[in-house]
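**Student:** pasting the sequence and the predicted coordinates here, then a few questions.
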Amino acid sequence: MDTDANAPLTLGGFLERTGARLHVYDMGRRVSPITTELFRAFELGEEPYPWPMQQKAWFALVQAYPDSDSEPLIWFLRFDLDEQARLVLATRDYLIHRFVEIASDPKAETDLGQAMRDNPYAFAPREDKMANLHAQVHRDLGRGVSQYYRHARNYLGGAPGWGQWSFVGYQGLADIAARQDQDNNAAILTDAIPHLPDEPLIALCQCLENHVPAPSLAEALKRRLEQAVSNGQSSPALLAALLRGQSQASLEQVAHAITRLLADPRSADPEILAAIDGRAWESLARPAVARLPGKTGLGRGGTGGLRPVRGRPAAHARAAASRTGGIARG
């Protein structure tokens, strides 16, 4: 990341000096990769953070050693931002100064890992975020899927029956969502969308929100949302999840989905409004959408996740820590 010896020291550059290869993922509204070039420019104050949330940058730093089969190390940090979403440099400088002190003192009782975990800028993501990060990290590093992948894929193929979802691992759904271009997964997901009960469909959409859906899958999600709006009986939680699942489809499709939802009385539900503002914010910049009669104020404020996976917040450390074994029930 920092190849010039005279270049300003950044946190990413410091970590790469350990011989690790660094990967960065946004952990705010979605779980999304950030290029090392963009992250370095952000650290230097040259570029704003691409996806700010609550005036902070929420991200994961993944240290992977090319010649090692060990699990990568993952650090979760939230940096303060100014009004233009640029880094408050004192945040970065505090960590770098602390790390340099540790590295230069052979008698230091605190190691780098402990310093990364025990500092005012560390945070513990929810388990659903951890599961989706795990899926993307293993995909991007060319590593295998979790032990839940095969069973989840079998279920989505319809073999055990659509009602047999209670033992499907959430991590398996996250793996499949992250690997739509492998194992015919896009087609399997497309065929499954019309049949899935609400609970597994909501969990699946929670994973799909982190990815651009394949065209056939985007169309299936669009049709399922149309059906859910038209029947008048679907819960606001399902409507919100279906919007989130297609939130990275084309802007035209997402704008159409928002239009349909805001015309429905159920759109007054906070979960639907939060899904629009927190996951489909790109479409709010379209004049036709911005002029829609809203139920409340919408803007780039956004919210965090809507239906966290039940259980303890996942701890810092290794990517394997969140191999969640069951579908969340919000």
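**Tutor:** Good, I have the coordinates. Residues are numbered from 1 along each chain as shown.
**Student:** Ala257 should be in a helix, yeah?
**Tutor:** Yes - Ala257 forms part of a helix when assessed by DSSP: H, G, I helix; E, B strand; the rest coil.
**Student:** just checking, Ile258 touches Ala288?
**Tutor:** No - using CB atoms under 8 Å, Ile258 is not in contact with Ala288; the gap is 9.9 Å. In this view, the C-beta of every residue, glycine as well, is placed from N, C-alpha and C.
**Student:** which of those two has more residues huddled nearby?
**Tutor:** Taking other CB atoms under 10 Å, Ile258 and Ala288 do not tie; Ile258 has more neighbours (25 against 11).
**Student:** could you measure from the more buried one over to Pro66?
**Tutor:** Distance, Ile258 to Pro66, using CB to CB, to the nearest Å: 43 Å.
**Student:** mind listing the helices for the stretch 101-250 of the chain?
**Tutor:** Shown for the stretch 101-250 of the chain, the helices assigned by DSSP state H, counting those that start in this stretch span residues 112-117, 127-140, 149-156, 170-178, 185-192, 198-208, 215-231, 236-245.
**Student:** report the mean per-residue pLDDT for the third one.
**Tutor:** In other words, helix 149-156. Mean pLDDT, helix 149-156: 98.
**Student:** how about that helix: buried residues?
**Tutor:** Judged by neighbour count using 16 or more other CB atoms under 10 Å, the buried positions of helix 149-156 are 149, 152-153, 155-156.
**Student:** angle of that helix against helix 198-208?
**Tutor:** 130 degrees (axes from the mean of the first three to the mean of the last three CA atoms, to 10 degrees).
**Student:** show me how far helix 149-156 is from its chain's centre.
**Tutor:** Here helix 149-156 shows a centroid-to-chain-centroid distance of 21 Å under the convention CA atoms, centre = their mean, to the nearest Å.
**Student:** residues making contact with it?
**Tutor:** 160, 164-165, 167-169, 171-173, 175-176, 183, 185, 188-189, 192, 200 (CB atoms under 8 Å, 6 or more residues apart in numbering).
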